[in-house]
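[1] what's the 3D shape of this:
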Amino acid sequence: MGVRAASHTPLPLTFPHTVPLKAPRQVSDTSSTRHDRVPGYLSTMEGPYVLLAVLSLVAIGAVAAAVWFGVRLRRLQSMHASPAPGAQQRNDVLTGLPTRVAIVATAEHSIAEAQQASAPFAVTVLNVSRFKSINDALGHEVGDELLRRLSQRLRAVLANGDILGRLAGDEFIVLGRVGTGTIPAEVTVETIFAALREPFSIEGHDIEVAVSAGISMFPANGTTFDVLLRRAETAMRAAHSVARGSFRFYSEELSKSEEERLALEADLRHAIRDRQLELHYQPKVDIASGRVRSAEALLRWKHPTRGFVPPNVFIPIAEENGLILAIGEWVMRQACTQMRAWLDSGLPPLRVSVNLSAKQFRHGDLTAVVCSALEDAKLQPGYLELELTESSIMHDAESSAATLQLLSTMGVHISIDDFGTGYSSLSYLWRLPLDKLKIDRSFVRELISNPDDVAIVKAIISLAHSLRLGVVAEGVETQEQLEHLRELGCDQYQGFFCSPAVPADAFIALIKRLREERPALTEADMLRTQSRLYAFTPESAT
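    Down below sits the predicted model:
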């Protein structure tokens, strides 16, 4: 009897993990019923599914192996491409110079060698002046290239045995050879200064670089590298405070000065909170009429134990540590608030002038701070005058012009302080929305005896008037100086001849006394500005 196969419809091809394998099919026989498969063998229908399952497993295994191999290969490539951690710490990535870690190890070896030989050696710290300004103005790529070339030039001029390293962004160190005393150390610094007189030409910019240097000597100034480094940095800061491109050896007096400075800095941080700062006011007087037109607000610090700390002592500290921004804003708000109080008390119209530091002027929110101070005091912009130095304006002339134009359009008066002592560009001067130039007191001091000062003052007055600007002479102390300024055509003066800067209460009494002799100015007189941008006219105040 023949075997009769059961009829069936072929199943579509699918992956084994989506359709489970079926149990063996049974077929009927005319004589008996039995399974149609031999143990250990697949049926004709089960074969394709099992084959697909095997192929899928093989594919998955191949992918996993490829991923593992790729990860392993990348790790191996990374290990070969990156330097070892120790090497990365010991060599500066940008300049290739030894880093602080490597310098410490080298210095310890030099100390051991010097102790054994009873010989001295020098530790010199170099700081690149104005590097942050260069970086900000020209970009970090130019700044990085400058550091690379600077390090190359320094290495080229150092004597054999001297080791150059990089401590931080703009700070380098030179470890002198064991056996070198103060004279060779001084020669090394002078050689470095000479090498840097030639400007660096980078991407079309000729960049002049100066460094300040501080030197400490082993064993006179210390027997450990930490002490030697700290004292070389103290000497470097002392040199930097005197002049760019200078150097200084460490001395005990510098340590005392540094400690005093740090104590002052700590006290200054509490000065605003503890209300130790105050404003004194010095009148500015019209030379022709004798009337007081405005007052300059001058900052004073009344320390609880030191008494009054001179501004030339604490202002540089505030400039360096960034406190000048908070102090400057306090000065502006306090001056505007005081002016509002004077007006409310019946004092005739008066303008108050405030000095802006370079950092404060370049800060992005200056205009917002000015607007806020005026708004809080409910004061018209014409009651405020801002005084800036030439150098702070010309640091970035285009940006300065935009800021000054915005302030001047508001009605704020703008003056250039200490004119003639900094650097200026006459091509930019006429484009700036100014009201006045202030002649520095150094030119007024010897106005009677020095013909050169007379020529300078006369030239400044002529220049200002040709640009339709007013002129204020600072530091007038005698009648003779005042009469000479009158002959030269100067518009206003301030100085001890009229009055020193006095506290707010004393200033009220001073103004009342001065104005008994001269009629008071009207608000229209006071608000009048010589800026070409401001739309205010005396008639608009009536």
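
[2] Going by C-alpha atoms from here, please, whenever you check contacts or count neighbours.
    OK.

[3] so where's the stretch 51-200 of the chain shaky on pLDDT?
    Along the stretch 51-200 of the chain, segments meeting pLDDT under 70 span 51-88.

[4] Quick one: the helices in it, in order.
    Along the stretch 51-200 of the chain, the segments classed as helices by DSSP state H, counting those that start in this stretch run 85-90, 100-117, 131-138, 140-157, 182-195.

[5] quick one: which of those is nearest residue 225?
    Residue 225 lies closest to helix 100-117 among the helices of the stretch 51-200 of the chain, at 6.4 Å (CA to CA).

[6] what packs against the closest one?
    For helix 100-117, the packing partners by 3 or more CA pairs under 8 Å, 6 or more residues apart in numbering; DSSP states H and E come out as helix 85-90, strand 163-168, helix 225-242.

[7] need these in TSV with distance to residue 402, can you?
    Output for those, formatted as TSV (distance: least, CA to CA, whole Å):
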stretch	distance to residue 402
helix 85-90	45
strand 163-168	35
helix 225-242	31
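
[8] which SS class is residue 448?
    Reduced to three states with DSSP: H, G, I helix; E, B strand; the rest coil, the structure at residue 448 is coil.

[9] Tell me how many other residues crowd it.
    By other CA atoms under 10 Å, the residues close to residue 448 number 13.

[10] Show me how far whichever strand or helix holds residue 264 is from its chain's centre.
    Under the criterion of DSSP states H and E, residue 264 resides in helix 252-271. Distance of helix 252-271 from its chain centroid, counting by CA atoms, centre = their mean, to the nearest Å, is 22 Å.

[11] what residues does it touch?
    If you take CA atoms under 8 Å, 6 or more residues apart in numbering as the criterion, helix 252-271 is touched by 231, 234, 235, 238, 277, 301, 303, 314, 317, 318, 323.

[12] Let's have those in TSV, adding neighbour count and distance to residue 504.
    Output for the contacts of helix 252-271, formatted as TSV (neighbours: other CA atoms under 10 Å; distance: CA to CA, whole Å):
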residue	neighbour count	distance to residue 504
231	27	44
234	25	40
235	27	41
238	22	36
277	19	13
301	21	15
303	17	18
314	17	22
317	18	26
318	18	24
323	15	24
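
[13] of all those residues, which two lie farthest apart?
    Across the contacts of helix 252-271 (CA to CA), the longest gap, 32.6 Å, separates 231 and 277.

[14] quick revisit: partner strands of the helix or strand following the helix holding residue 264, with direction?
    Scanning forward in sequence from helix 252-271 by DSSP H and E, the next helix or strand is strand 277-286. Note on strand 277-286: by DSSP bridges, its sheet partners are strand 292-303 (antiparallel), strand 492-493 (antiparallel), strand 502-503 (antiparallel).

[15] Give me whichever of these is most buried.
    Greatest average neighbour count among these goes to strand 492-493 (a mean of 26), per mean count of other CA atoms under 10 Å.

[16] Could I get the average pLDDT for that strand?
    Averaged over strand 492-493, pLDDT sits at 96.

[17] who's in contact with it?
    Residues from elsewhere that reach strand 492-493 (CA under 8 Å, 6+ apart): 284, 285, 286, 287, 470, 471, 472, 473, 474, 475, 476, 482.

[18] which one of the strands paired with strand 277-286 lies closest to residue 371?
    For the strands paired with strand 277-286, the distance to residue 371 is smallest for strand 292-303, at 18.2 Å, taking CA to CA.

[19] Adding pLDDT as columns, could you present the contacts of helix 252-271 in a markdown table?
    A markdown table is the format used below for these (pLDDT from 0 to 100):
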| residue | pLDDT |
| --- | --- |
| 231 | 94 |
| 234 | 92 |
| 235 | 93 |
| 238 | 88 |
| 277 | 95 |
| 301 | 96 |
| 303 | 93 |
| 314 | 92 |
| 317 | 88 |
| 318 | 91 |
| 323 | 90 |
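
[20] got those as CSV, with distance to residue 215 columns?
    Output for the contacts of helix 252-271, formatted as CSV (distance: CA to CA, whole Å):
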residue, distance to residue 215
231, 8
234, 9
235, 6
238, 11
277, 37
301, 34
303, 34
314, 26
317, 23
318, 26
323, 29
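
[21] just to revisit the earlier point, is it possible to export the helices of the stretch 51-200 of the chain to JSON lines including mean neighbour count?
    As requested, the helices of the stretch 51-200 of the chain are arranged in JSON lines below (neighbours: other CA atoms under 10 Å):
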{"stretch": "helix 85-90", "mean neighbour count": "13"}
{"stretch": "helix 100-117", "mean neighbour count": "16"}
{"stretch": "helix 131-138", "mean neighbour count": "14"}
{"stretch": "helix 140-157", "mean neighbour count": "16"}
{"stretch": "helix 182-195", "mean neighbour count": "16"}
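
[22] Next, the buried residues of stretch 446-465.
    447, 453, 454, 456, 457, 458, 460, 461, 462, 463, 464, 465 (16 or more other CA atoms under 10 Å).
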